[in-house]
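K.L.:
My questions concern the predicted model and sequence given below.
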Amino acid sequence: MKHRIALAATLVALFVPAAFVRAQTVSGQDLSSTRPADGLIDAMGQPERWFTEETARAFVTMATCEGRDGQAASALSVKVGAEKLYGLAMRRVTPSHAWNEADGLCFWVKGDGSENWGNLHIQAADYRKAWVASFPLNDSQWHEVRVAWGDFVPTTAFWRELGDADGARPGDVDLVGFGKEWNFNLVHKSPEIAFGVQNLGLARGVKARRPRVAVSKLPPLESVVRKLKAGEPVTILALGDSITWGTSAGGNQNAYPAVLVALLKEHYHNDRITLVSRAIGGSTTAKGREWLMRDVQGLEADLITAMFGYNERPGAGADPAAATTQYTANLVRYVEEVAGILKAPPACVLLAPTPGRQANWEALDAYAQGVRDLGKQYANLTIADANAFMKQMGQEAYGKMMADEAHPNPEGQKVLAGVVFRAIIAEPRR
């Protein structure tokens, strides 16, 4: 997104991961020679085995700290400064078949007692084949964290799940890192995080904590409309990027989900409609999946709305058809994971992503068609075709509703809300 925070995230994303490929040695030591022994990858008491990207050294701090057994200098302390979305303490590992035989990774953590989260990053060969998991830092006592391979998600929609036939297997991993991986929160802050970590190893018997409900099994919108008409409580969970967050329109209170709720309250004479927004500027389907546990776990929702695409639009030279296949697959998986972690499966409205202004007028067309095709494939999904509605206005009229290249102004947000509103009230009753 073209606001300062998301632009910074994009620039960091372009430069930080490349260092993962370059960094082979630290202090002259060949880190690729270190091997796991008896499931233990690293006891974490030797910070010289760990490195950080050169440009991150000013805000990523590594040192030894007291371990969980009370022994001095037996664990690694990691601290990453505020307003830095990326920053990892990393080390190389030798690819090993033993990783394929394990079910995940385990390590001991002593958090900073905050509500913030840290990240565990793994990659195979280069930064384009990378996966990330997240863990909370609220427990300031030493405790074990066990992460199944299925809890790692690709860092972009354009790479495969770990272990997929077309992707990489755990035994291909050659780098691990602790710290921040696009660590951005709901109030558009990247907080300082600090934690101790010890005894990184391979784990057996750990199971993934990302249950999924197949899109085909989600309840149709009719179930929500019945509750709206009956005056019953309804909670709407809005998922998306800075367009959904309300960047350049005054924030959440002026964004389309808030306007939508006001329209629904008036239409159905129902004041018991609650909005929960989990939109974050700069987000993508992959980043939504990364922060699933932090942002969605424990919520209840009757209906979810989701619009992504601008931050993961096909780049120059990309195959739009291939990119759309990957985008829609990741969108579906994210919706299924959200449904799986909510207390009950919700109905779902997908928005065909709005076009950008001027240079990006056609950039989201393939993705919009991909979302329309999902509506044809799954009869229980409702599609709000924001893309088509905006396109029929023409570029000049559409431009008047835009605050910048990507973001609607308050009037544009109202128009976007109207598209979703009409999709809901016009949904055929089954």
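P.N.:
Sure thing, it's come through.
K.L.:
residue ranges of the helices in the protein, please?
P.N.:
Assigned by DSSP state H, the helices in the chain fall at 4-22, 97-101, 222-229, 242-245, 256-268, 285-290, 292-295, 320-341, 365-377, 386-393, 395-399, 410-425.
K.L.:
what would those look like in JSON lines with distance to Leu175?
P.N.:
The C-beta positions use only the backbone N, C-alpha and C, and glycine is treated the same way. JSON lines is the format used below for these (distance: least, Cβ to Cβ, whole Å):
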{"stretch": "helix 4-22", "distance to Leu175": "6"}
{"stretch": "helix 97-101", "distance to Leu175": "12"}
{"stretch": "helix 222-229", "distance to Leu175": "45"}
{"stretch": "helix 242-245", "distance to Leu175": "31"}
{"stretch": "helix 256-268", "distance to Leu175": "39"}
{"stretch": "helix 285-290", "distance to Leu175": "18"}
{"stretch": "helix 292-295", "distance to Leu175": "23"}
{"stretch": "helix 320-341", "distance to Leu175": "23"}
{"stretch": "helix 365-377", "distance to Leu175": "31"}
{"stretch": "helix 386-393", "distance to Leu175": "39"}
{"stretch": "helix 395-399", "distance to Leu175": "44"}
{"stretch": "helix 410-425", "distance to Leu175": "41"}
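K.L.:
between those, which one is nearest to Arg146?
P.N.:
Nearest of the helices of the chain to Arg146, taken as Cβ to Cβ: helix 292-295 at 13.6 Å.
K.L.:
how far is the closest one from where the chain is centred?
P.N.:
Mean-position distance between helix 292-295 and its chain equals 9 Å (Cα atoms, centre = their mean, to the nearest Å).
K.L.:
Show me the contact partners of that helix.
P.N.:
Helix 292-295 has contacts (Cβ atoms under 8 Å, 6 or more residues apart in numbering) with 117, 134, 136, 185-186, 209-210, 278, 280, 288, 334, 337-338, 341.
K.L.:
bridging residues for the residue lying closest to Val261 once chain neighbours are set aside?
P.N.:
Once flanking residues are discounted, Val261 sits nearest to Leu275: 4.7 Å by Cβ to Cβ, 6 or more residues apart in numbering. Going by DSSP bridges, Leu275 is paired in beta bridges with Ile236.
K.L.:
Just give the number of residues close to Leu275.
P.N.:
Look at Leu275: counted by other Cβ atoms under 10 Å, it has 19 neighbours.
K.L.:
now swap in Gln358 and tell me
P.N.:
Gln358: 12 surrounding residues under other Cβ under 10 Å.
K.L.:
wait, it sits on Gly399?
P.N.:
Yes. Checked against Cβ atoms under 8 Å, the pair Gln358 and Gly399 is within contact range at 7.4 Å.
K.L.:
Make JSON lines out of the helices of the chain and add mean neighbour count, mean pLDDT and distance to Ala214.
P.N.:
JSON lines is the format used below for these (neighbours: other Cβ atoms under 10 Å; pLDDT from 0 to 100; distance: least, Cβ to Cβ, whole Å):
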{"stretch": "helix 4-22", "mean neighbour count": "16", "mean pLDDT": "35", "distance to Ala214": "31"}
{"stretch": "helix 97-101", "mean neighbour count": "14", "mean pLDDT": "95", "distance to Ala214": "27"}
{"stretch": "helix 222-229", "mean neighbour count": "17", "mean pLDDT": "97", "distance to Ala214": "17"}
{"stretch": "helix 242-245", "mean neighbour count": "27", "mean pLDDT": "98", "distance to Ala214": "24"}
{"stretch": "helix 256-268", "mean neighbour count": "20", "mean pLDDT": "98", "distance to Ala214": "25"}
{"stretch": "helix 285-290", "mean neighbour count": "25", "mean pLDDT": "97", "distance to Ala214": "16"}
{"stretch": "helix 292-295", "mean neighbour count": "20", "mean pLDDT": "97", "distance to Ala214": "17"}
{"stretch": "helix 320-341", "mean neighbour count": "20", "mean pLDDT": "97", "distance to Ala214": "6"}
{"stretch": "helix 365-377", "mean neighbour count": "18", "mean pLDDT": "98", "distance to Ala214": "12"}
{"stretch": "helix 386-393", "mean neighbour count": "19", "mean pLDDT": "97", "distance to Ala214": "25"}
{"stretch": "helix 395-399", "mean neighbour count": "13", "mean pLDDT": "96", "distance to Ala214": "36"}
{"stretch": "helix 410-425", "mean neighbour count": "20", "mean pLDDT": "98", "distance to Ala214": "22"}
